[in-house]
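# take this sequence and fold it.
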Amino acid sequence: FEASLMDIKDIPESDLHMEDSGYNSILAKWTTEDGNDDPGETLFSVWQVHLLTPSCDAPVVPMLSSEEKVAVSSAYHAVTEMSDDVERLFNQMPDISTYTDYLDMIECPMYLNLIQERLSNDYYSSLSSVIADFDLICDNALKYNEEESDIYELAR
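Next up is the predicted model:
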């Protein structure tokens, strides 16, 4: 689908669902090539927008260096080898058909396989973003599970 961008509006973070999360979006008004206005305005994440004829060169996307990738890979394997329970409990997102309230309580799910996928696809731009995702796994486990549970203790 191709369209001409007519206007972009900055949305105050307070109006976004995930305020202070870093997952912002843009509000765009656009027309199709046949000239018909699309009714209303549409929110897009920055990952959904691809400019076919940008007015300037795109900035170089920051990525982890080779040394950082080796260090992160080593740390990832150290975490997964801490105990059999780490990989078993944190490798996949919890089954939402079993834990039906999980997505009500956890706004941004994170799990080890997603981190591995992101590492493989050069998603991360800095070490701090990788660390933030590991921390998010622990934060989510602490938020969702009871204090005396094995999962809670493992996440601490």
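# for this protein, which helix is longest?
Across the chain, the longest stretch assigned as helix under DSSP state H is helix 127-144.
# can you spell out which helices and strands pack onto that helix?
helix 66-80, helix 84-90, helix 102-105, helix 112-120, helix 150-155 (3 or more C-beta pairs under 8 Å, 6 or more residues apart in numbering; DSSP states H and E). The C-beta positions use only the backbone N, C-alpha and C, and glycine is treated the same way.
# and the third one, what's buried?
Using 16 or more other C-beta atoms under 10 Å as the test for burial, helix 102-105 gives Tyr102.
# could you shift the numbering so residue one becomes 393, and keep it that way?
Okay, residue one is now 393; in that scheme the one you just asked about reads as helix 494-497.
# let's see it as CSV, backbone CA atoms only.
These are the backbone C-alpha positions of helix 494-497, laid out as CSV (Å, rounded to 0.1, in the frame of the first residue of the first chain):
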residue,chain,number,x,y,z
TYR,A,494,-0.8,-12.4,32.3
LEU,A,495,-1.3,-9.7,29.6
ASP,A,496,-3.5,-7.7,31.9
MET,A,497,-0.7,-7.5,34.5
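# so what does that helix touch, helix or strand wise?
Using 3+ C-beta pairs under 8 Å, 6+ apart, helix 494-497 sits against helix 519-536.
# quick one: mean pLDDT for the helix it packs on?
Helix 519-536 shows a mean pLDDT of 92.
# and the angle for it with helix 458-472?
Helix 519-536 and helix 458-472 are oriented at 20 degrees to each other (axes from the mean of the first three to the mean of the last three C-alpha atoms, to 10 degrees).
# quick one: contacts of helix 519-536?
Helix 519-536 has contacts (C-beta atoms under 8 Å, 6 or more residues apart in numbering) with 456, 460, 463-464, 471, 481-482, 486, 491, 494, 497-498, 500-504, 506-507, 510-511, 516, 543-544, 546-548.
# how about low-confidence regions in this structure?
393-453 (pLDDT under 70).
# so what's Ile543 up against?
Ile543 neighbours (C-beta under 8 Å, 6+ apart): Leu481, Ala533, Asn537.
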